[in-house]
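[1] Just the structure for this:
(2 chains)
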Protein chains: 2
Amino acid sequence: MISRRSLLASTMLLAVGRLTPALADEPCCATGDLGLVVERANASLLVIDRSQRASIGRIEGLGDLSHASLTYSPDERYAFVFGRDGGLTKVDMLTRSIAKRVVQAGNSIGGAISDDGKLIAVSNYEPGGVRVFDADTLDMVADIPAGAKTIGLADVPGRRFIWSLWDTGETWIADFSTPDMKLTKLADVGKNPFDGVLTDDGRIYLVGLFGEKGVTAIDLWSDDPKPVRFLKDYGKTEDDLPVYKMPHLQGWAFTDGQFVLPAVGQHELLWVDRSTLEQTGRTPTHGQPVFIIAQPASPYVWVNFATPLNDTVQVVDSRTHQVVHTLTPGPAVLHMEFAPRGAEVWISVRDANKVLIYDTRSFAQIGEIEAQSPSGIFFTARAHQTGL
Amino acid sequence: MISRRSLLASTMLLAVGRLTPALADEPCCATGDLGLVVERANASLLVIDRSQRASIGRIEGLGDLSHASLTYSPDERYAFVFGRDGGLTKVDMLTRSIAKRVVQAGNSIGGAISDDGKLIAVSNYEPGGVRVFDADTLDMVADIPAGAKTIGLADVPGRRFIWSLWDTGETWIADFSTPDMKLTKLADVGKNPFDGVLTDDGRIYLVGLFGEKGVTAIDLWSDDPKPVRFLKDYGKTEDDLPVYKMPHLQGWAFTDGQFVLPAVGQHELLWVDRSTLEQTGRTPTHGQPVFIIAQPASPYVWVNFATPLNDTVQVVDSRTHQVVHTLTPGPAVLHMEFAPRGAEVWISVRDANKVLIYDTRSFAQIGEIEAQSPSGIFFTARAHQTGL
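    Numbers count the residues shown, from 1 in each chain, chains lettered A, B, ... in the order given. I've put the predicted structure just below:
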């Protein structure tokens, strides 16, 4: 059996003559170890190669990349970038260029790709609601207005998406597994949800509330999912320190049977038992936690902090709830991304214009990449994870 | 910033003239959704494209592929295939050809790739011991004789490998994180370990015993890991049914805070609480379970069975321990591999010469691929998982 691609490659080798050695050595490019770094000020994405620990290209013209996030196609070839200006941009990792770009709303805040890789959903502030696009063409296939700002959009197995509504305190689930999309609306999720996140096993959708104390959990494995409140003292109080940055729930980690979340306005992490939803511990930290990210295949979570204490990263053991290591990568640590098997962590240090790479076991710095005011770092391995 | 690859591609586009449209459309090939199916009788591997639900090539000349397994490089370009004849073959997914092949022992039984992707370890029956190779060149970088058959080889975070010794009842851990490899030997793991497996979080190494009853757990997150016996009645007894196939531990699933394992010689699954190591339930099944595989981001495990009841697959809910669905794919179901986010499962049906693809939510068959006596199915997404 000879594939079309192999035939093409053979023909090319004959045709291009002197390029043959380079082509034979590098007939194509595998995409399993690539990634993108958001360069917000520059409206660009830096293409990175994890194995080479190097940048290998830059893609420009992405629009407003404040709070930008992105997701990858199952073949790890395309990234779908969700810009704050309502732009949905499809980026080709192989040609390192924009394959397609649509401005689909006035103000958007994240998106997700369906588990079959065919649908891209985008969450909008203006005009509100969620819009769903064909991943190949970026043609709109569904418009789901809500009369409300939507937040916390995530993919759910079975060609589904979930999100919450700031204005009405609801969570909606759209099921695209049949030709007629089915919409389920859960009421009484809580006042002014400000973010939502799905646990790594796809089971629990957690909703953070701005308008009242507490956190809401919804068990998506249930036939009849119901919102359950927990941590009923959780949230901002009069006595808290000023909140420099409202923690995003994407910053919650799930490790060793626990949730870990930032205490709002405090220099502290909170630990919650995953099965009982009871608080089980607190960890004093260097500053107000922003992202808390679990190091894969380890007991550790890594934490960065809000300004003005944002030059530091701390490593915390989920078994003892103790800080075991403190690093000072430099001014304005904005994000951390782990190699998928946990061997190294890439840290964006915005005001140093660098991404630093550390060995997670020795904490030695093992690499450094120039980048323009780097923020989010996204490896292609995310293509294979639910809820990202 | 323009990469060397982009420049090459541009030059090629100018040179090859009429091939330009096809190249522009398909300048390269991403590798995130590819995979390999072992065709044992044919000594070949079928290259599959998950998104197309199709085979796209065949690689021949792999030697004895009985019980063959394989692992992928971090960029998802290369597969390292461990053959029963001691052959270690490096396969290029892009050119669909053998990049390198060495016969490194007389009889080998599996291997692993280090978390940085640089080292390949192979477990040998004959002459025994473990040999470690450079992933680029397949040159041997370490020979670790044991005077014993080695089994249950797995990668452990931090450039480490773990395996057990059939003859001496030990577990060894080799640490390659520094220039001088450090070897740790744990004694009294149990009589005649027949297989070992690492939990999905990289924490617990489980060892199945042939020479005595029980299972051994070793906590690798501990500074001083110790073997702990549990399920002390586990194993073959006089009264058991004949054991048609000794269950491999790679067939154990880890889901919802539990281990699930096959009762030896029985038509039954056993459920063990992960934190207490106590048995919590039993599930009667269609036949003697062989592989028990967790469907990602779901409460379900899928089970296939030993001959003569091997035409069937059952789906079991890990919350209730009840069978929720039974399928009959056809004669000799040998393996099951899930799309990494769980949307579909690929099932090899050896005596039908087919790989069948099912939607995991509706259980509808959604695809079918011709294959020659297919056994193991391996998607490239495994590159990003610890312990596989």
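
[2] can you list the weak-confidence ranges in the stretch 151-300 of chain A?
    A:236-252 (pLDDT under 70).

[3] Swap in 50 and give it another go.
    Where the stretch 151-300 of chain A drops to pLDDT under 50, the residues are A:244.

[4] Can you show me the strands along it?
    Secondary structure of the stretch 151-300 of chain A (DSSP state E, counting those that start in this stretch): strands located at A:160-165, A:170-175, A:182-186, A:193-198, A:204-209, A:215-219, A:227-230, A:253-255, A:258-262, A:268-273, A:279-284, A:289-294, A:300-305.

[5] any chance of those strands in CSV, plus distance to chain B and mean neighbour count?
    All C-beta spots, glycine's among them, are computed from the backbone N, C-alpha and C. Shown next, in CSV, are those (distance: least, CB to the nearest CB, whole Å; neighbours: other CB atoms under 10 Å in any protein chain shown):
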stretch, distance to chain B, mean neighbour count
strand A:160-165, 9, 26
strand A:170-175, 10, 20
strand A:182-186, 13, 13
strand A:193-198, 9, 23
strand A:204-209, 11, 24
strand A:215-219, 10, 21
strand A:227-230, 16, 16
strand A:253-255, 8, 22
strand A:258-262, 12, 25
strand A:268-273, 11, 20
strand A:279-284, 13, 16
strand A:289-294, 9, 24
strand A:300-305, 10, 25
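
[6] Redo those as TSV? Include distance to A:A154.
    Formatted as TSV, those follow (distance: least, CB to CB, whole Å):
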stretch	distance to A:A154
strand A:160-165	5
strand A:170-175	10
strand A:182-186	14
strand A:193-198	4
strand A:204-209	7
strand A:215-219	11
strand A:227-230	16
strand A:253-255	13
strand A:258-262	15
strand A:268-273	19
strand A:279-284	24
strand A:289-294	17
strand A:300-305	20
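
[7] Looking at those strands, which is nearest to B:N42?
    Judged by CB to CB, the one of the strands of the stretch 151-300 of chain A that comes nearest to B:N42 is strand A:160-165, at 39.9 Å.

[8] by contact count, what packs against the closest one?
    Secondary-structure packing of strand A:160-165 (3 or more CB pairs under 8 Å, 6 or more residues apart in numbering or on different chains; DSSP states H and E): strand A:119-126, strand A:130-134, strand A:150-156, strand A:170-175, strand A:193-198.

[9] ok now the first one, how far from the chain's centre?
    Put simply, strand A:119-126 sits 15 Å off its chain's centre (CA atoms, centre = their mean, to the nearest Å).

[10] now swap in the third one and tell me
    Between the centre of strand A:150-156 and the centre of its chain there are 11 Å (CA atoms, centre = their mean).

[11] Give me the distance between A:S73 and A:I120.
    Going from A:S73 to A:I120 by CB to CB, to the nearest Å gives 9 Å.

[12] what residues do these two have in common as contacts?
    Both A:S73 and A:I120 are contacted by A:F80, A:I113, A:A135, under the criterion CB atoms under 8 Å, 6 or more residues apart in numbering or on different chains.

[13] Quick one: residues contacting the second one.
    Applying CB under 8 Å, 6+ apart to A:I113 gives the contacts A:T71, A:Y72, A:S73, A:F80, A:L119, A:I120, A:A121, A:A135, A:D155.

[14] Which ones, among the residues you listed, also lie beside chain B?
    A:Y72, A:S73, A:D155 (CB under 8 Å from any CB of the partner chain).

[15] Got the phi and psi for the second one?
    A:S73 has phi and psi values of phi -70, psi 160 when expressed as degrees, to the nearest 10.

[16] any idea how far the closest residue to it other than its chain neighbours is from A:V130?
    Among residues not flanking A:S73 along the chain, A:G117 sits closest, at 5.4 Å (CB to CB, 6 or more residues apart in numbering or on different chains). As for A:G117, its distance to A:V130 is 18 Å (criterion: CB to CB).

[17] State the mean pLDDT of stretch A:112-126.
    For stretch A:112-126, mean pLDDT rounds to 94.

[18] Of all the residues in the stretch 101-250 of chain A, which one is nearest chain B?
    Using CB to the nearest CB, the single residue of the stretch 101-250 of chain A nearest to chain B is A:G202, 3.1 Å away.

[19] show me the residues around the nearest residue in space to that residue that is not next to it in sequence that make contact.
    Nearest non-adjacent residue to A:G202, counting by CB to CB, 6+ apart: B:A297, 3.1 Å away. Shown in contact with B:A297 (CB under 8 Å, 6+ apart): A:P157, A:D201, A:G202, A:R203, A:T386, A:G387, B:R341, B:G342.

[20] surely the fifth one meets B:Q295?
    No. Contact status for A:T386 versus B:Q295: not in contact, 11.2 Å apart, counting by CB atoms under 8 Å.

[21] list residues touching both of these two?
    In contact with both A:T386 and B:Q295: B:G342, using CB under 8 Å, 6+ apart.

[22] quick one: secondary structure of A:D351?
    Secondary structure, DSSP: H, G, I helix; E, B strand; the rest coil: A:D351 is helix.

[23] Now for it, how many residues are close by?
    Applying other CB atoms under 10 Å in any protein chain shown, we find 14 residues neighbouring A:D351.

[24] which residues touch it?
    Counting by CB under 8 Å, 6+ apart, A:D351 touches A:G330, A:P331, A:A332, A:S373.

[25] Next, format those as CSV and append secondary structure, pLDDT and neighbour count.
    Putting the contacts of A:D351 into CSV (DSSP: H, G, I helix; E, B strand; the rest coil; pLDDT from 0 to 100; neighbours: other CB atoms under 10 Å in any protein chain shown) gives the following:
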residue, secondary structure, pLDDT, neighbour count
A:G330, coil, 98, 17
A:P331, coil, 98, 14
A:A332, coil, 97, 18
A:S373, coil, 96, 17
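
[26] Near chain B, list only the ones from these.
    When CB under 8 Å from any CB is applied, no member of the contacts of A:D351 is adjacent to chain B.
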